[in-house]
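Student: sequence unknown, structure follows:
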Ligand SMILES: Nc1ncnc2c1ncn2[C@@H]1O[C@H](COP(=O)(O)OP(=O)(O)OP(=O)(O)O)[C@@H](O)[C@H]1O
């Protein structure tokens with residue numbers, strides 16, 4: 001199947017009033033034969049940025065289209081967007097997204113102004129122009145518009161008061177869609193304008209120091225074209241997703257207040273996941289973290305999926321934004337290597353014979369690869385014969401009726417990013433949709449079932465599956481137990497009679513009744529306990545698995561930071577007495593710093609306290625009692641509490657030296673000792689202590705921590721470890 005790389009266009013916006021003039025970011029065009037530099041958007045252009053650390057050095061970023069301050073909206077549209085319209089009309093999904101730091105001109109590029117319209121109004125005009133040239137098919141256009149605000153999806157076509165948070169779902173073919181998003185038919189540009197202007201007012205916009213009308217959400221406008229061929233009884237569905245991302249924000253510059261900060265953090269987080277997704281795709285990772293944010297989940301098809309992509313990188317000029325410009329350009333460089341496998345989205349509308357229910361489990365035929373036109377606009381030009389499009393199998397049993405968009409059914413369950421694919425497998429569903437049209441089932445997903453019913457079915461299926469697996473495991477465990485008992489019996493029988501224990505079969509038979517009852521009860525109790533443990537293990541595994549998957553994609557430094565954050569939270573809960581919550585948080589921390597021995601010890605201690613319903617008091621380590629020279633040597637060492645040791649999750653700190661400045665982030669907080677330690681009531685979380693520990697000899701370690709801790713684990717009554725008084729003999733030896 002043909003592949004198409006995401007095309008990149010970079011656009012440097014003009015200086016705004018009050019911005020300083022400098023040349024730190026420039027667009028350079030190649031010169032033609034007459035020595036004049038060619039126009040914006042011509043191939044061979046580069047963006048050059050001076051190195052913030054060394055002004056003599058310049059970073060150069062070549063992209064297929066680079067637009068300078070003088071570039072017009074029309075130029076960008078003609079060069080990069082117009083060719084996509086034919087792709088959409090060939091039944092392929094196209095995604096165009098504007099990316100860049102706040103105030104870099106994303107909204108200006110995508111939306112523009114009345115006097116200087118941007119990509120969106122131009123696309124609409126081009127879509128209607130193209131429509132008017134098609135006579136052999138019945139063509140209809142539909143619009144849907146959503147925003148992702150603080151990681152929740154809202155429909156912009158309904159008023160905000162009526163707009164619930166919309167769930168993001170995945171159909172059986174692995175395509176992601178936003179459930180219950182409305183889509184309205186549009187028959188003219190004027191009609192679109194009315195809908196769009198009304199919807200744009202619903203979008204979350206706020207003022208920051210950098211942009212008085214800053215987008216606080218990611219907005220996705222989708223125009224869908226449905227072309228039905230009445231002769232062949234099939235239809236093609238093309239889509240164009242126009243995405244105006246919110247800009248990444250440096251909060252030192254934005255001057256955001258608390259509520260803006262919350263928005264900003266959601267924006268930055270989703271953009272950071274976007275970066276991780278692109279990185280993982282470039283690395284060929286087995287797991288791409290699409291699910292870590294709604295934005296990436298919704299853009300899944302555009303990133304490594306089956307749509308054709310164009311990324312417009314918006315850049316703000318000047319030194320003030322230079323670091324952001326470099327970040328944006330680095331993101332663009334990585335995105336340019338992402339390969340998609342575009343497919344034609346075709347439907348067969350012929351009615352199918354009533355199927356046997358087993359046919360519902362049938363895999364839909366592989367979608368057709370995209371036509372040559374996609375190749376023409378692809379910058380990669382690479383093509384390979386890899387298998388059918390990426391499609392993940394559903395977790396739900398195959399007999400479940402797959403969900404499809406309510407094509408022609410009033411908009412519920414509309415799939416802006418889904419490619420429902422081929423023909424025969426879908427006939428069944430089309431028929432069901434028709435059946436549903438005649439009935440009145442509001443909230444139905446086009447299958448004669450309401451969403452609630454489908455959800456119930458899913459949870460039932462999942463419950464049954466879990467019950468089945470547990471039962472299977474239980475049976476396997478019983479079998480093992482039975483085998484073990486049989487072996488034991490065999491060994492007993494083979495034992496020579498001289499060594500025979502009183503537990504001979506004869507004796508067992510002669511056991512008085514009543515003796516067995518408590519034994520059987522105990523066996524049942526053990527059985528129950530085992531079952532509980534199994535369930536707990538299963539829960540732990542699932543929980544751990546999620547964290548481990550997340551930890552997989554983080555850098556070592558981020559892992560440690562996350563681990564520390566969890567430890568700090570856990571400690572706060574432990575101090576409040578929320579031991580179960582604290583325990584969960586410590587376990588989460590462990591997923592990020594799995595090798596931290598002290599953390600493991602802490603987990604064991606709290607597990608013990610929770611299990612035995614005891615209070616958990618992280619006791620301070622008693623001051624060391626030493627005499628003579630030894631005492632003065634020890635007195636110089638910083639006193640570290642037991643609690644410190646367990647919290648220490650940073651193992652990268654230097655072996656010697658003092659707490660570093662950065663440890664203040666998670667590394668300093670009040671001790672509960674009030675001891676006159678050199679940390680003056682602050683607790684260190686750096687690695688010095690751990691390193692010192694590991695340098696100690698085993699007996700010394702045992703004396704210092706192991707022995708005291710072991711007592712705490714074994715018995716909560718003996719929390720303090722007091723060194724034993726030296727014997728007379730050792731006193732004599734010391735005196736000598
Ligand atoms: N090419 C351009 N020509 C003229 N003005 C521009 C251009 N690009 C951006 N601007 C102006 O710069 C300001 C910021 O642009 P815009 O709101 O589009 O940024 P943004 O990247 O969408 O910001 P945010 O992420 O905060 O929403 C606006 O006043 C806009 O009119």
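Tutor: Yep, that arrived. Only a predicted model underlies this, so the values are computations on that prediction, with no experimental measurement involved. Numbers count the residues shown, from 1 in each chain.

Student: which pLDDT value goes with residue 158?
Tutor: Note on residue 158: pLDDT of 90.

Student: for residue 566, give me phi and psi.
Tutor: phi -60, psi -40 (degrees, to the nearest 10).

Student: list the contacts for the closest residue to it other than its chain neighbours?
Tutor: Distances taken as CB to CB, 6 or more residues apart in numbering place residue 589 nearest to residue 566, at 3.6 Å, with adjacent residues excluded. C-beta: built from backbone N, CA, C; applies to glycine. By CB atoms under 8 Å, 6 or more residues apart in numbering, residue 589 lies in contact with 562-564, 566-567, 570, 599, 649.

Student: redo that, cut-off 10 Å
Tutor: 547, 562-570, 596, 599, 602-603, 647, 649 (CB atoms under 10 Å, 6 or more residues apart in numbering).

Student: list only buried entries from these.
Tutor: 547, 562-570, 596, 599, 602-603, 647, 649 (16 or more other CB atoms under 10 Å).

Student: on that earlier part again, max pairwise distance over the contacts of residue 589: which two?
Tutor: Maximum pairwise distance among the contacts of residue 589 (CB to CB): 18.6 Å, between 547 and 647.

Student: give me the element the residue in the stretch 551-700 of the chain that the ligand sits nearest to is part of.
Tutor: Ranked by CB to the nearest ligand atom, the top residue of the stretch 551-700 of the chain for proximity to the ligand is residue 558, at 24.7 Å. Assigned by DSSP states H and E, residue 558 belongs to helix 556-576.

Student: just want the angle from the following helix or strand past that helix to helix 556-576.
Tutor: Downstream of helix 556-576, the next assigned helix or strand under DSSP H and E is helix 579-592. Calculated by axes from the mean of the first three to the mean of the last three CA atoms, to 10 degrees, helix 579-592 forms an angle of 170 degrees with helix 556-576.

Student: what mean pLDDT does helix 579-592 have?
Tutor: Helix 579-592 comes out at a mean pLDDT of 87.

Student: list the buried ones in that helix?
Tutor: Buried residues in helix 579-592 (16+ other CB under 10 Å): 579, 582-592.

Student: so where's the stretch 601-736 of the chain uncertain?
Tutor: Low-confidence segments of the stretch 601-736 of the chain, defined by pLDDT under 70, span residues 618-736.

Student: which residue is it, in the stretch 1-150 of the chain, that comes closest to the ligand?
Tutor: For the stretch 1-150 of the chain, CB to the nearest ligand atom, closest residue to the ligand: residue 105, 2.8 Å.

Student: just say helix, strand or coil for residue 26.
Tutor: Following DSSP: H, G, I helix; E, B strand; the rest coil, the label given to residue 26 is strand.

Student: with residue 605 instead?
Tutor: Put simply, residue 605 is helix when judged by three-state DSSP.

Student: from memory it sits against residue 612, does it?
Tutor: No: using CB atoms under 10 Å as the test, residue 605 is too far from residue 612 to be in contact (11.1 Å).

Student: higher neighbour count, those two?
Tutor: residue 605 (21 against 9; other CB atoms under 10 Å).

Student: if I look at the more buried one, how far off is residue 150?
Tutor: From residue 605 over to residue 150 the distance is 37 Å, taken as CB to CB, to the nearest Å.

Student: repeat for residue 308
Tutor: 30 Å.

Student: with neighbour numbers in mind, choose between the two.
Tutor: Higher neighbour count among residue 308 and residue 150: residue 308, with 27 against 17, using other CB under 10 Å.

Student: so that one bridges to which residues?
Tutor: Beta-bridge pairing for residue 308 (DSSP bridges): residue 94.
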